[in-house]
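Asks: Sequence and computational prediction follow.
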Amino acid sequence: MNKMAIYPGTFDPFTNGHLDIVLRSVRLFDHLIIAVTTNAKKTPLFSVPERKELIRKSLPEGGNITVESFDGLLVDYAEKRGSIIVIRGLRAVSDFEYEMQMALLNRRLKPAVETIFKMSSEEYSFLTSSAVKEIALLGGSVDGLVPSAVKAALAEKFKKHQ
């Protein structure tokens, strides 16, 4: 049986924490889709096409990972792509409350779609995209926090603020 999983998020920007979840998840499935979406509550730094390209540049060559984007309900996208598995990363207990609510809502909408929670590696348990953007904006080092392609893109976005 071909098992495909979807790892959705805004990924604005894609961090080493996201990459860690991807690399640990891809070993469990035949195919992994990183699904980039928008969040009406957030103002993105990078456009969806920019985020997709930065993610692609951050991934190892070859492999069983694709990067796509979607609009609308995640469960509808999962059904369209033929996946019943959604992966969500958890950094702390505070993430779990929100993610559990979303997983239960998704199950209510599409009972066949299962959510799998992956704990972040300890070294990334503090890492958020928002913190990375603030550090970069204020001229701090994002070494070790984001892949090199993202580091370069952040430097380019914020060079006028330096």
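Replies: Cool, the structure landed.

Asks: For this protein, which segments are assigned as strands?
Replies: Taking DSSP state E as the test, the strands found in the chain are 4-9, 31-36, 65-69, 85-90, 114-119.

Asks: who touches the residue nearest to residue 145 when sequence neighbours are not counted in this structure?
Replies: With sequence-adjacent residues excluded and distances taken as Cβ to Cβ, 6 or more residues apart in numbering, residue 145 is closest to residue 132, at 5.4 Å. Where you see a C-beta, it was placed from the backbone N, CA and C, and this is true even at glycine. Shown in contact with residue 132 (Cβ atoms under 8 Å, 6 or more residues apart in numbering): 13, 15, 142, 145, 146, 154.

Asks: Closest to residue 46 out of these?
Replies: residue 13 (6.1 Å; Cβ to Cβ).

Asks: how about the closest one, what does it touch?
Replies: By Cβ under 8 Å, 6+ apart, residue 13 lies in contact with 45, 46, 51, 54, 129, 132, 133, 146, 150, 153, 154.

Asks: And the residues you listed, which is closest to residue 120?
Replies: residue 129 (12.9 Å).

Asks: In this structure the closest one contacts residue 15, no?
Replies: Yes. Because the distance of 5.9 Å satisfies Cβ atoms under 8 Å, residue 129 is recorded as touching residue 15.

Asks: What residues are bridge-paired with residue 9?
Replies: Beta-bridge partners recorded for residue 9 (DSSP bridges): residue 36.

Asks: okay, it: pLDDT?
Replies: The per-residue pLDDT reported for residue 9 equals 96.

Asks: Let me see the contact set for it.
Replies: By Cβ under 8 Å, 6+ apart, the contact set of residue 9 is 18, 34, 35, 36, 37.
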